[in-house]
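# no sequence for this one, just the structure:
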C-alpha cells in the first residue's frame with residue numbers, strides 16, 4: 001500500500017528506466033559511460049577482499065566504493081537529496097553493472113591490442129575531462145562546468161592529477177574500442193530518405209472496423225487451436241534470454257517494543273505539527289524517508305488510487321493543511337500532510353500533493369543477526385536439497401518469480417533489486433546468498449533459464465487461450481467482412497456498408513508510419529496498405545485480433561513544414577545513434593552472456 005512512498009517515486013522509476021533501456025552507453029556527440037588455475041577466480045577475489053570478479057579479474061572494494069560514491073554524488077546533484085533506502089539499492093545495482101561492463105570492455109580492448117599513450121591522456125584531459133571531474137563543484141560556476149577554472153587547475157603544478165590520469169587511462173581504451181567497433185556501421189542516402197518519409201508522410205483515411213462476434217458460442221480451445229495461436233503470434237512473446245527464480249521471502253522480525261517506540265515517536269511528531277510547529281522543519285529534523293531535506297514534500301502529484309482504496313479514502317477526507325495519524329507500513333510509520341488537492345474541471349479530486357514524515361522502527365540487532373544466521377543454515381541446506389524443500393522443512397513456502405531478462409527485472413522483486421541482478425550471472429540451480437531488503441530477507445534459487453527467442457508454448461497457456469478465443473470470434477465475424485467486401489465491389493460506399501451492418505466509420509487524420517493512429521494498432525496491414533493506395537481507394541478487409549478492418553484513403557502527402565534538406569542532418573544523426581546504440585547493446589549482451597561474473601558483495605554477512 002505505502003511501499004512506493006519509501007522511495008523517490010519518479011527518481012526510482014528513472015533509475016530503473018536507465019537500467020532497463022540504456023544499460024551500456026548512450027551516444028551524444030561522443031561516448032559517455034553510464035555504468036560504468038590453482039584457486040579459482042572467486043577464491044582469489046575473496047582472499048584479496050575484492051567485491052567480485054569478471055572473467056577472473058578482480059573488482060576491488062576501493063574501486064566499487066569510489067564508483068558508488070560517484071553515483072551517489074550524481075544523484076544528490078540531480079535531486080538535491082540523499083538517496084532513500086530503495087534508491088540506494090538501485091544505485092548499488094547500477095554501480096555494479098557499470099563496473100562489470102567496464103571490465104568486460106577493458107578486457108576486449110586488451111585482447112584487441114588497444115593501448116593508450118601519455119600524449120593521448122594529456123589531450124583527453126585537456127579537451128574532454130571525465131564526467132566526475134566536469135561535475136565537480138571545484139570546476140562549476142552557477143551550476144555549469146567552467147573551462148577557465150579547469151584550465152587554471154590543469155596549469156597549476158601543485159595539483160596532483162595522478163588519480164585523474166589513472167581514470168582516463170582506464171576509460172580511454174574502452175572508448176577507442178567502441179569507436180573501432182562502430183566505425184564500420186554505415187547507412188545509405190536511401191535509408192535517410194526512408195526515415196524522412198516514415199516521419200513526415202501522412203495519410204487521412206475513413207476506417208470501418210468489424211469487431212469479432214462477441215455472442216458466438218465457443219467450445220474450449222483444442223491443442224491444435226493453441227498451437228495455431230502460438231505459431232501465428234509467438235513473435236509477440238520474443239525476448240532475450242530469460243531467468244525464472246524460486247524465491248523465499250522472510251519478513252524481518254520486529255518486536256512489539258521496537259514498533260511501539262516508532263509509533264509513539266510518529267504520534268508525537270503529528271501532535272507537535274498540529275499544535276503549530278512547522279511540519280517541514282519537523283520532517284527535516286526527524287524524517288527518515290525520501291524528500292526529508294525538502295521538508296518531506298514529495299516531488300509529484302499522487303492520485304488517490306496509488307494509495308490503495310483504504311488509505312486513499314482516508315486521505316481524501318483530510319482537508320488541505322490537515323495532518324493524519326501515523327499509518328503503519330511494516331516497520332515504518334508515516335505521517336501525511338495534505339498540501340494541495342488537485343481537481344478536475346468537474347470538481348472531482350484527481351490528485352494530492354503531500355508531505356510526509358517517516359519514522360523507522362529500530363530492530364533488535366541481536367534478534368536480526370540470529371534470524372540471519374538461521375537463514376544461512378537454511379540456505380546451506382537448500383544448496384543440497386533445493387530451496388523449496390529446505391523451506392518446507394521449516395514450515396515456510398516459496399514462490400516463483402515471473403521470467404525476466406537483463407532489461408526487464410521482475411516487478412515482484414522490485415524492492416530487492418539485488419536479487420535479479422545476482423541471478424543474471426548464475427547457472428540453473430544456483431542458490432543465492434541471504435540477501436537483505438528493507439523489511440525482508442530473501443533467498444533465491446535459479447529455477448529455470450530459457451534461451452533468447454520466443455517464450456516456450458508451455459509458459460503461455462493462458463495468453464494463448466485468450467488469443468485463440470479472439471481468433472475464433474474474429475473468424476465467426478468473417479461472413480460480415482465478406483458481405484462488406486461484396487457490397488463495396490457492387491459499388492456501395494464504406495458508409496453504406498457500415499450502416500447496413502449497424503456500425504459507424506471513424507476518421508484518422510494525418511497518421512504517419514512512425515506514429516500510426518492508435519486505433520489502427522491492431523492491424524499493421526491496414527496502415528501499410530493506406531500508404532500504398534491511391535486516394536479514394538478502399539483497402540481490406542484485413543484480419544486482426546480485434547476484428548476486420550476496411551479503410552478508404554482520403555489524402556496522402558508530406559508535411560509542408562518539414563523540407564528534406566533542413567531535416568537531413570538531424571535524421572542522419574538519429575539513424576547513426578540508434579544503430580550504434582543497438583549494436584553496442586547487443587555486443588555487451590553477448591559479452592555478458594559468455595562472461596564468468598562473481599558477485600561477492602553480499603557474502604560478508606550483516
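Alright, I've got the coordinates. What you see is a predicted model, and the numbers here were worked out from it, not measured in a lab.

# residues in contact with the spatially closest residue to residue 429 that is not a sequence neighbour?
Closest residue in space to residue 429, ignoring its immediate chain neighbours: residue 446 at 6.1 Å, by CB to CB, 6 or more residues apart in numbering. C-beta coordinates here come from the backbone N, C-alpha and C atoms, glycine included. Each residue near residue 446 by CB atoms under 8 Å, 6 or more residues apart in numbering is listed here: 243-245, 423, 426-430.

# if we use 10 Å, what do you get?
The contact partners of residue 446, by CB atoms under 10 Å, 6 or more residues apart in numbering, come to 243-246, 387, 422-424, 426-432.

# residue 421 now?
Contacts for residue 421 were tallied using CB under 10 Å, 6+ apart; they are 19, 89-90, 92-94, 96-97, 100, 406, 409, 413, 435, 599, 601.

# most neighbours of all those residues, which one?
Greatest neighbour count in the contacts of residue 421, by other CB atoms under 10 Å, goes to residue 90: 27 neighbours.

# residue 96 versus that residue, what's the distance?
11 Å (CB to CB, to the nearest Å).

# spit out the residues that contact those two alike.
Residues touching both residue 90 and residue 96 by CB under 10 Å, 6+ apart: 418, 421.

# coming back round to it: so of the contacts of residue 421, which ones are in strands?
435, 599 (DSSP state E).

# what is the nearest of the contacts of residue 446 to residue 129?
Checking the contacts of residue 446 against residue 129 with CB to CB, the nearest one is residue 424 at 32.6 Å.

# the closest one - nearest residue in space that isn't next to it in sequence?
Sequence neighbours aside, residue 406 is the residue nearest to residue 424 in space, at 5.9 Å (criterion: CB to CB, 6+ apart).

# okay, buried residues for stretch 589-598 please.
For stretch 589-598, burial by neighbour count (16 or more other CB atoms under 10 Å) applies to 589, 591-592, 597-598.

# oops, could you answer that again for stretch 441-453 instead?
With burial defined by 16+ other CB under 10 Å, the residues of stretch 441-453 counted as buried are 441-447, 450.

# can you redo the residues you listed as CSV with distance to residue 81?
Output for these, formatted as CSV (distance: CB to CB, whole Å):
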residue, distance to residue 81
441, 28
442, 27
443, 32
444, 31
445, 37
446, 36
447, 38
450, 40
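
# of all those, which two lie farthest apart?
In these, two members sit farther apart than any others by CB to CB. They are 441 and 450, at 27.6 Å.

# related to what we said a few turns ago, quick one: which of the buried residues of stretch 589-598 sit in strands?
597-598.

# next one: the nearest residue to residue 230 once chain neighbours are set aside from residue 533, what distance?
Nearest residue to residue 230 in three dimensions, chain neighbours excluded: residue 457, at 4.9 Å (CB to CB, 6+ apart). Per CB to CB, residue 457 is found 37 Å from residue 533.

# can you check residue 337 too?
Taken as CB to CB, the span from residue 337 to residue 533 is 59 Å.

# and for residue 244?
Where residue 533 is concerned, residue 244 sits at a distance of 46 Å (CB to CB).

# now render the buried residues of stretch 441-453 as a markdown table, adding distance to residue 495, pLDDT and secondary structure.
Output for the buried residues of stretch 441-453, formatted as a markdown table (distance: CB to CB, whole Å; pLDDT from 0 to 100; DSSP: H, G, I helix; E, B strand; the rest coil):
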| residue | distance to residue 495 | pLDDT | secondary structure |
| --- | --- | --- | --- |
| 441 | 65 | 94 | strand |
| 442 | 60 | 96 | strand |
| 443 | 64 | 96 | strand |
| 444 | 59 | 96 | strand |
| 445 | 61 | 97 | strand |
| 446 | 59 | 96 | strand |
| 447 | 56 | 95 | strand |
| 450 | 49 | 86 | strand |
